[in-house]
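**Student:** Provide a 3D model corresponding to the input given below.
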Amino acid sequence: IRSHLLADARFVAESAGRFFGRPVDVVPVGTDSSVYRADPALRRKARADIGLGDSDFVLLTMAALERAKGAHLVIEALPRIISQRPGVRYLVLGAGQQEPALRQQAEALGVRVVCLRTGVVLGRAGGALAQILPALQFGVGGPIGSGKQYCPWIHLHDLVRVIATALVDDRYRGPVNAVA
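**Tutor:** Okay, the predicted model is just below:
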């Protein structure tokens, strides 16, 4: 682990500081953590629904998988983190040129790797449909190509369930198609 620790939100820095026993600096990334921070009761229910207890530790990296983003540093630190928190889960959401190297690095450390392959994410309150619908309503959308080709998709709620299941179910390994 590097000598300087950074987090992208105050509450993440506080939690990481307690875990590592030293201060963590905050570098804000423009996300309003008061809006996106889970309600404690909803958090407990969601964790219970997928079999995670309040004390189960989950790390998350959500970024383009490029060396400059530093996911390899978290993977290098996993043996130390696992020794202090057995059963820790590390979830990486992203894709990029470093994906094969990161997968190989994690597997060499004995870390279970699941690679979710998703299609277009659809949902009533967001996802691709919310972006596409205005063009269709103004009559400027239409079929791409012949209109007969397949378009793999998944509903946002289904994708969240697949991610949650893959996080806690050790039977999930390697590539997993998350499409309808």
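
**Student:** For stretch 146-157, buried residues please.
**Tutor:** Buried residues in stretch 146-157, counted by 16 or more other C-beta atoms under 10 Å: W153, I154, L156. Bear in mind the C-beta positions are built from the backbone N, C-alpha and C, glycine included.

**Student:** pLDDT (mean, whole number) over it?
**Tutor:** Mean pLDDT, computed over stretch 146-157, is 85.

**Student:** Where strands are concerned, which of the buried residues of stretch 146-157 count?
**Tutor:** W153, I154 (DSSP state E).

**Student:** Can you add distance to E14 and give the buried residues of stretch 146-157 back as JSON lines?
**Tutor:** Converted to JSON lines, the buried residues of stretch 146-157 look like this (distance: C-beta to C-beta, whole Å):
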{"residue": "W153", "distance to E14": "38"}
{"residue": "I154", "distance to E14": "34"}
{"residue": "L156", "distance to E14": "29"}
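
**Student:** from the buried residues of stretch 146-157, which single one is nearest L5?
**Tutor:** Among these, L156 lies closest to L5 (C-beta to C-beta), at 32.1 Å.

**Student:** I'd like the distance between that closest one and A178.
**Tutor:** 11 Å (C-beta to C-beta, to the nearest Å).
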